[in-house]
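Chemist: I would like to see how this sequence folds:
(chains A and B)
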Amino acid sequence: MLPLFKEIKDVIKWHELLWQMVGREVKTRYKQSILGYFWVILNPMAQMIVMSFAFSVIMRIPTNSAGNVPYSIFLFVALLPWNLFSNSLSSAASSLVGSAPLITKVYFPRTILVLSTILAKIVDFLFANIILIIYMIVYHMPINANILWIFPIFFIQQIFTIGLSLFFAAANLLYRDIQYLLSLILLLWMYLTPVIYPADLVPEKYRIIFQLNPMSVIINAYRQTILGGGAPNYTSLVIALVLSIIVLIGGLSYFKSREKIFADNI
Amino acid sequence: MNNTVIKFENVTKKFSFQNQKTFKEFLPALLKGEDTTTGFVALDNLSFEIKKGEVVGIIGPNGSGKSTILKLIAGVMSPTSGKVSVKGQVSPLIELGAGMHPELTGRENIYLNGAILGLKRKEIVANLQNIIDFSEISEFIDQPVKHYSSGMYMRLAFSIAIHVHPEILLVDEILAVGDTDFQAKCFAKMNEYKKDNNITIVFVSHSMGQVETFCERVIYLNHHQILADGDPKTTIEKYLSDTNK
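Modeler: As a prediction, this is how the structure comes out:
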């Protein structure tokens, strides 16, 4: 736990750099493009339309037992946070390599590079959510106070994402294969997470795999609280939180153990 | 009073290069028991101290480890063995413009680079006009730096770095930037810092003229070791006689 607190203190000390880096990411991403930031919304929307057609019109996946939620919303509620997770992880993995000139010249906490990439993805995510909100208003989706659960759920998701990102960023600096391996992992992982199908479709004997997969718990919890208006499964959420903290501590200690040789190996 | 700001104690820096950059090469090599890394010693058991306010030049042929010393002082690299202690804020003038983003404007880059060098936003705001004036590119300051000429780019980068008000200034071969006028201006600014007894300067250059006029002490590095350390004239002579052999 101790290195974690030390790192948090360091990052707070360098918070101005963190915000500058996030600003850089956000400002430059869509420079010299006609639609600019609109891509952040267009991308998941196109994805949703195509996937909705494939999985609800052709494959006819039922949404959930509770009933009559349109598949497109059912999918979108899970797809947006999944995309956030997957985009954060893949850009964080190349964040150190992409900042090679800085790493070999100036000292600052290296975790800033990973964190700023993730924060910039969160900004994108917030924009992409506009569509979901409009959608929910148009369809008169009922919501209640349980929707406030999305904040702790989001928090757990970020702990998990940061932990994994630190690991993959450091590993990718040493072996560039990691980024290719990661895209494969993310592709398979999405199918093992109830993004395109409801969690209740999973047969009883495989449930344990899903309980130990924090992303599955997180995605399912978003759905339960936003669409079903129910409370999330507390036990699963606590397991996810504990696993996420373990992943964060593990990822950070790997990152710190390699940090000394970043400049030598980049 | 102990006023040592930089202290190297038996510092050795070895680089080990991974021979195989991909798993495809790495795994078979590992199974066959081949070497997966190649070692290279950049600094061999170096010890020296630099006191507050000193202006120290480091000279030596290419590959003798000069830049490695600067990187160890900057905290970018860690020694393989031994200990490097540095007291005070370090500002590296090493290959400027590392943090510049081509799509951002000059002004935005001042904020970004200032933050990279450890400045608070307040300090940047307070110094903004000085930085812009010093760079002499105020008419282009709101243009993306990708449209800058390389000279303008270096001017801006140098102006930012020189306004950090460092306690330890690391200078690596950068005074070859800009035209003669701008170079003179840079030296004038450096001379100002030289007079300030709270600022320590470590200066790496291949220009013996610059080193001799600017530095008060010179460390001559060769074959990964310190061969001479002392007053500029004698140290430079030793270096020159070694190279002419």
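
Chemist: was I right about residue B:239 contacting residue B:58?
Modeler: No - in this structure residue B:239 lies outside contact range of residue B:58 using Cβ atoms under 8 Å: 10.8 Å. (Each C-beta comes from the backbone N, C-alpha and C, glycine too.)

Chemist: who has more neighbours out of the two?
Modeler: Just comparing residue B:239 and residue B:58: by other Cβ atoms under 10 Å in any protein chain shown the higher neighbour count belongs to residue B:58, 25 against 21.

Chemist: which strand residues bridge the more buried one?
Modeler: residue B:204, residue B:219 (DSSP bridges).

Chemist: distance of it relative to chain A?
Modeler: Residue B:58 sits 17 Å away from chain A, going by Cβ to the nearest Cβ, to the nearest Å.

Chemist: any idea how far that residue is from residue B:6?
Modeler: For residue B:58, the distance to residue B:6 equals 12 Å [Cβ to Cβ, to the nearest Å].

Chemist: identify the contacts common to those two.
Modeler: Common neighbours of residue B:58 and residue B:6, using Cβ atoms under 8 Å, 6 or more residues apart in numbering or on different chains, are residue B:202.

Chemist: now stretch A:152-161: buried residues?
Modeler: A:153, A:154, A:156, A:157, A:158, A:159, A:160, A:161 (16 or more other Cβ atoms under 10 Å in any protein chain shown).

Chemist: point out where the chain drops to low pLDDT.
Modeler: Since you didn't name a chain, this refers to chain A. Scanning chain A for pLDDT under 70 picks out A:64-67.

Chemist: please refer instead to chain B.
Modeler: B:1, B:18-23, B:35-36, B:94-96, B:174-178, B:245.

Chemist: go again using 80 as the cut-off
Modeler: Scanning chain B for pLDDT under 80 picks out B:1-2, B:16-39, B:92-99, B:165, B:173-179, B:244-245.

Chemist: which residues of it fall in helices?
Modeler: B:23-32, B:66-74, B:106-116, B:121-135, B:150-162, B:180-195, B:208-214, B:232-244 (DSSP state H).

Chemist: minimum distance to residue A:178: which of those has it?
Modeler: Judged by Cβ to Cβ, the one of these that comes nearest to residue A:178 is helix B:23-32, at 9.0 Å.

Chemist: and the closest one, what's buried?
Modeler: residue B:26.

Chemist: could I have the CA atoms of it written out in PDB?
Modeler: C-alpha atoms of helix B:23-32 as PDB (Å, rounded to 0.1, in the frame of the first residue of the first chain):
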ATOM      1  CA  PHE B  23       9.000 -12.200 -28.300                       C
ATOM      2  CA  LYS B  24       9.500 -14.000 -31.600                       C
ATOM      3  CA  GLU B  25      13.300 -13.500 -31.300                       C
ATOM      4  CA  PHE B  26      13.400 -13.500 -27.500                       C
ATOM      5  CA  LEU B  27      11.800 -16.800 -26.700                       C
ATOM      6  CA  PRO B  28      14.000 -19.000 -28.900                       C
ATOM      7  CA  ALA B  29      17.100 -17.200 -27.700                       C
ATOM      8  CA  LEU B  30      16.000 -17.800 -24.100                       C
ATOM      9  CA  LEU B  31      15.400 -21.500 -24.800                       C
ATOM     10  CA  LYS B  32      18.800 -21.900 -26.500                       C
END
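
Chemist: what is it packed up against?
Modeler: Packing partners of helix B:23-32 (3 or more Cβ pairs under 8 Å, 6 or more residues apart in numbering or on different chains; DSSP states H and E): none among the helices and strands.

Chemist: tell me the residues of the stretch 101-250 of chain A that contact chain B?
Modeler: A:101, A:102, A:103, A:104, A:105, A:106, A:107, A:108, A:174, A:175, A:176, A:177 (Cβ under 8 Å from any Cβ of the partner chain).

Chemist: quick check, nearest of the residues you listed to residue B:16?
Modeler: residue A:174 (11.6 Å).

Chemist: wait, the closest one sits on residue A:259?
Modeler: No - the pair residue A:174 / residue A:259 is not scored as a contact, 11.5 Å apart, by Cβ under 8 Å.

Chemist: which of the buried residues of stretch A:152-161 lies closest to chain B?
Modeler: residue A:158 (22.8 Å; Cβ to the nearest Cβ).

Chemist: flag every buried residue along stretch A:110-128.
Modeler: Neighbour counts over stretch A:110-128 (16+ other Cβ under 10 Å) mark A:110-121, A:123-125, A:128 as buried.

Chemist: next step: those restricted to helices.
Modeler: A:111-121, A:123-125, A:128.

Chemist: what distance do you get for the closest residue to residue B:221 other than its chain neighbours to chain A?
Modeler: Distances taken as Cβ to Cβ, 6 or more residues apart in numbering or on different chains place residue B:60 nearest to residue B:221, at 3.6 Å, with adjacent residues excluded. Residue B:60 sits 20 Å away from chain A when distances are taken as Cβ to the nearest Cβ.

Chemist: and the residue of the stretch 151-266 of chain A that's closest to chain B?
Modeler: residue A:260 (4.1 Å).

Chemist: apart from its chain neighbours, what residue comes closest to that residue?
Modeler: residue B:78 (4.1 Å).

Chemist: ok, the one you found - contacts?
Modeler: So residue B:78 contacts A:260, A:261, B:72, B:84 (Cβ under 8 Å, 6+ apart).

Chemist: one more: residue A:239?
Modeler: Residues counted as contacts of residue A:239 (Cβ under 8 Å, 6+ apart) are A:211, A:212, A:217.

Chemist: host element of the closest residue to residue A:124 other than its chain neighbours?
Modeler: With sequence-adjacent residues excluded and distances taken as Cβ to Cβ, 6+ apart, residue A:124 is closest to residue A:40, at 4.6 Å. Assigned by DSSP states H and E, residue A:40 belongs to helix A:39-52.

Chemist: picking that back up, return the subset of the buried residues of stretch A:152-161 lying in strands.
Modeler: Among the buried residues of stretch A:152-161, no member is found in strands (DSSP state E).
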